[in-house]
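*Asks:* next comes the sequence, and after it the predicted model I'd like to discuss.
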Amino acid sequence: MTDGATVEVVRSYLISAAEEMRATLIRTSFNPVIYEVHDFGMSMYDADLRLVAEATGLTFFLGANDFSIRKGVEYVGRENLHPGDVVLLNYPYWNAAHAADATLFAPVFQGDTLVGFLCVRAHWMDLGAKDPGYVLDSTDMHQEGLIFPGTKVVSRGEPVHEIHELIRFNSRMPAEVLGDLHAQIAALRTGERRLLEILEKFGRDTVAAAVQLMIDDGAARSRAALDALPQGSWTAVDWLDDDGIGTEPVRMQATVTIADGEFTVDFAGSSPATAGPINMPFGATEAICKVVLKSLTSPDQPSNEGTVAPLRVKAEPGTLFHAVYPQPTYTLWTGIVAVELILKALAQGMPDRLPASSGGDVPGFMMVGTHPDTGQLFAVSNNDPVGWGATVTHDGMNAATHVSGSTGRVTPIEVLEAKTGMFFERVEMRTDSGGAGRFRGGVGLRRDIRFVTPGEFLSVIKKTRSRPWALAGGLEPEPNQVVVFPDTSREARVSTKRTRVDVGDRVTLLTAGGGGHGEPGERDPVAVREDVAEGFVSPEAARDVYGVSDV
């Protein structure tokens, strides 16, 4: 019988091994979106492909790993996996992500016995898609990059030269992509060494028993937490700006049911699959639902197979939330907005437990061009902060990573300016961007960018036409906005768009704040005066919205 102390020690060892994989990837990757933004996810599994530990990373990626590794192992076949193998998977419908999110997984053997699997997913900047950088208007999966359904890049410990060369000759940025490939392999090798050390230290039987108890405990905690929540079924609707091809808004609908120890999310009522690349592979849809379930039931507990055992997800094939071949999937901002859609539904049943909308979306941008110092193509991206929604007890956080982003970070200005042709003339908090309320939504950000080299500016955002939602009488904030060529005859407001820019051109980015909670007239006047002093609220809004004139 394995005692509780041993279980916790084994759990800590496993999590530490995953975090060491994470450190290896950060230290050896070539791409700022990996080493700065932390656009990755890594997970450890037992021989039955049950999650046992994960490192800090993007929550979408972590949840998607569970789906993709099962598909990858099924495709390759357990009998065809050997010590030293590393497999690459980016087929969107199995990988639960778009083609640029490369998943590498490896079996771990102790002697001749398969004892576990390791998985590392990270964003590659170019894999031969029709356009450099992000693909914003694809109509077919085959326009989105070179596809690997589950292909060995390392076989029995030896690199598969032909596959590495295939990647090299199909990428516009081969040095960076191959560098990131090897960084992910290095992370897998780190995890393999540490997992084998854990098995040697505690014994295979003890580790297996501890893992089973961890999973059982995770499931029990999640179900108990669900039982303590309001029981019922709630439906919410929201809209995406467009699909990247047409101009019509795209409907999203989710019905969330908590009953009988289960958490069910049904996306019936959402749009059919679209012509443009906003469709979600089903594994990606599952991943966003895991984010919400985990945040409600066990936010302070490490994840494992059991923590999401109560989840049930429904989405018909060929619809927005269940893409099938060859439907395009590159611009997966749908999932970001859908996290808030699920929360919007739940807030109807538990408004005191959840915040108002947090910006509604992630305002992403990228510049693509040729660097004047190196003559090489660059493609560097950033996901901007938004204001978080207010709650029943406090204001929303100002200018923070979207709630779906976990520990993801913004790309530092120093990196953006050094590696691209962008110069940042202004970065500041956006006054009056937070929704007013008894508790105020956090404020968003303003960036003014001037281009010092020619290239293309890509804005990636899917919620600029409709406002983020508020709660309990709070006010909705202004939505995210992207203004290209401001104060010129070419000025235009865009959402997801590839814009050609020349030296001297400018762009202004305005990210949304969070929704307010409660009636604005109930806000403490002292807090309003402090907001004005900090620049979060203008004197005019203090007077006209909050009724506080002596500021």
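*Replies:* Sure, I can see it.
*Asks:* nearest spatial neighbour of G244, skipping sequence neighbours?
*Replies:* Spatially, and ignoring its direct neighbours in sequence, G244 is nearest to G276 (3.5 Å; Cβ to Cβ, 6 or more residues apart in numbering). (Glycine included, C-beta is placed from N, CA and C.)
*Asks:* please tell me how far the one you found sits from D238.
*Replies:* 18 Å (Cβ to Cβ, to the nearest Å).
*Asks:* what's around L51, how many residues?
*Replies:* 27 (other Cβ atoms under 10 Å).
*Asks:* and the pLDDT at it?
*Replies:* For L51, the pLDDT comes out at 97.
*Asks:* and R543, helix, strand or coil?
*Replies:* Following DSSP: H, G, I helix; E, B strand; the rest coil, we place R543 in the helix state.
*Asks:* where do the strands of the stretch 401-550 of the chain begin and end?
*Replies:* Taking DSSP state E, counting those that start in this stretch as the criterion, the stretch 401-550 of the chain contains strands spanning 422-429, 445-451, 455-460, 481-484, 492-494, 497-501, 506-510.
*Asks:* the residue nearest to G244 and L240: what is the separation?
*Replies:* 10 Å.
*Asks:* those two: which is more packed in?
*Replies:* When G276 and L240 are compared for neighbours, L240 comes out ahead with 30 against 22, by other Cβ under 10 Å.
*Asks:* just checking, that one touches S495?
*Replies:* No: with contact defined as Cβ atoms under 8 Å, L240 does not count as touching S495 (9.2 Å).
*Asks:* name the residues contacting each of these two.
*Replies:* K462, K463 (Cβ atoms under 8 Å, 6 or more residues apart in numbering).
*Asks:* save the strands of the stretch 401-550 of the chain as a markdown table, and put in mean pLDDT too.
*Replies:* Putting those into a markdown table (pLDDT from 0 to 100) gives the following:
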| stretch | mean pLDDT |
| --- | --- |
| strand 422-429 | 97 |
| strand 445-451 | 98 |
| strand 455-460 | 97 |
| strand 481-484 | 97 |
| strand 492-494 | 96 |
| strand 497-501 | 97 |
| strand 506-510 | 98 |
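*Asks:* could I get those as a markdown table with mean neighbour count and distance to S381?
*Replies:* Formatted as a markdown table, those follow (neighbours: other Cβ atoms under 10 Å; distance: least, Cβ to Cβ, whole Å):
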| stretch | mean neighbour count | distance to S381 |
| --- | --- | --- |
| strand 422-429 | 15 | 11 |
| strand 445-451 | 20 | 13 |
| strand 455-460 | 23 | 8 |
| strand 481-484 | 21 | 14 |
| strand 492-494 | 14 | 16 |
| strand 497-501 | 17 | 13 |
| strand 506-510 | 21 | 13 |
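*Asks:* so which of those gets nearest T374?
*Replies:* Comparison of the strands of the stretch 401-550 of the chain against T374 by Cβ to Cβ identifies strand 455-460 as nearest, at 13.8 Å.
*Asks:* partner strands of the closest one, with direction?
*Replies:* The strands beside strand 455-460 in its sheet (DSSP bridges) come out as strand 364-370 (antiparallel), strand 497-501 (antiparallel).
*Asks:* name the surrounding residues that touch that strand.
*Replies:* Against strand 455-460 from outside (Cβ under 8 Å, 6+ apart): 132-134, 136, 331, 333, 363-370, 381, 420-421, 449, 451, 482, 484, 494-501, 507, 509.
*Asks:* please repeat the previous calculation with a cut-off of 6 Å.
*Replies:* Here strand 455-460 makes contact (Cβ atoms under 6 Å, 6 or more residues apart in numbering) with 133-134, 364-369, 421, 482, 494, 496-501, 507.
*Asks:* so how far is that strand from its chain's centroid?
*Replies:* 20 Å (Cα atoms, centre = their mean, to the nearest Å).
*Asks:* report the angle between the axes of it and strand 445-451?
*Replies:* 160 degrees (axes from the mean of the first three to the mean of the last three Cα atoms, to 10 degrees).
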